[in-house]
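Q: Show me how the following folds:
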Amino acid sequence: MFGTGGAANFLDATRLANQRKNLGTVVVGIVAIDEMSTRDAQQMKAAFGLESTLQFSTPISANSPLLAWSVELAWYWGKGGSLTFGRDAGGYFTMLRGGVGYGGGISFDPVGAFPVQAQPGDVRRVFAGGFGTAGVGLGPAVAQFTVEAGAGARLNSQGRPSGGLMVITTPMLGIQPGGLRLGVTAAAGVEGAWTW
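A: Below you'll find the model as predicted:
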């Protein structure tokens, strides 16, 4: 319904959330205006007690604080779907969802990210799978839980593909600075997303 899975838990202003499991690799998205240093990443890795497979990323760049965003239109009345258009650190993306449910709405997410996180040198990213979501939003206030499961892939500038199976959970509760939502939705179905 609201957002594409890259936004996080708004109970904390720094938004340390959006844990993604990708073939045994835990990815923690850090939503911040400035880039995280290597030292900060190592300290966080130690604090979480995670292995060396931990990857850190900042969807918003220090040079472009308004880089990431998404707009979503959703409508379900028995059957239905949603269309999301946005931009993240890797470029523009589109997501289509179709399934069953009730409700609908429109949302603007100031940190709406693509399900497959951008890596330096990526030229294309795709995601296909299923989703389940339930939530309500009014203005900047949101209470929602979304889960996505599927396969994600990326193609880098050398033509090398990479990817794997992913499960993404996105809990959101509280006030999202800069976010605007209007709607109530409970839905499940299939989704496809691609960058361009």
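Q: which of the residues in the helix or strand hosting residue 143 are buried?
A: According to DSSP states H and E, residue 143 maps onto strand 141-156. In terms of neighbour count (16 or more other Cβ atoms under 10 Å), strand 141-156 has its buried residues at 142, 144, 146, 147, 148, 150, 152, 154, 155. Placement of C-beta: from N, CA and C, glycine included.
Q: what's the neighbour count on the closest residue to residue 142 other than its chain neighbours?
A: Of all residues not flanking residue 142 in the chain, residue 172 sits nearest, at 4.9 Å (Cβ to Cβ, 6 or more residues apart in numbering). Residues lying near residue 172 (other Cβ atoms under 10 Å) number 24.
Q: Residue 172 contacts residue 136, doesn't it?
A: No: with contacts counted by Cβ atoms under 8 Å, residue 172 stays clear of residue 136, the gap being 10.5 Å.
Q: still on that earlier bit, C-terminal to the strand holding residue 143, what's the next element?
A: In N-to-C order, the element after strand 141-156 by DSSP H and E is strand 161-175.
Q: Pull the CA coordinates from that following strand and hand them back as PDB.
A: This file holds the C-alpha atoms of strand 161-175, laid out as PDB (Å, rounded to 0.1, in the frame of the first residue of the first chain):
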ATOM      1  CA  PRO A 161      24.600 -10.200 -13.000                       C
ATOM      2  CA  SER A 162      24.200 -11.000  -9.300                       C
ATOM      3  CA  GLY A 163      21.200 -11.600  -7.100                       C
ATOM      4  CA  GLY A 164      19.200 -14.100  -5.200                       C
ATOM      5  CA  LEU A 165      16.100 -14.800  -3.100                       C
ATOM      6  CA  MET A 166      15.000 -12.100  -0.700                       C
ATOM      7  CA  VAL A 167      12.500 -11.600   2.200                       C
ATOM      8  CA  ILE A 168      11.900  -8.000   3.100                       C
ATOM      9  CA  THR A 169       9.800  -6.900   6.000                       C
ATOM     10  CA  THR A 170       8.900  -3.200   6.500                       C
ATOM     11  CA  PRO A 171       7.200  -2.200   9.700                       C
ATOM     12  CA  MET A 172       6.200   1.500   9.900                       C
ATOM     13  CA  LEU A 173       4.600   3.200  12.900                       C
ATOM     14  CA  GLY A 174       4.600   6.900  13.700                       C
ATOM     15  CA  ILE A 175       5.200  10.100  12.000                       C
END
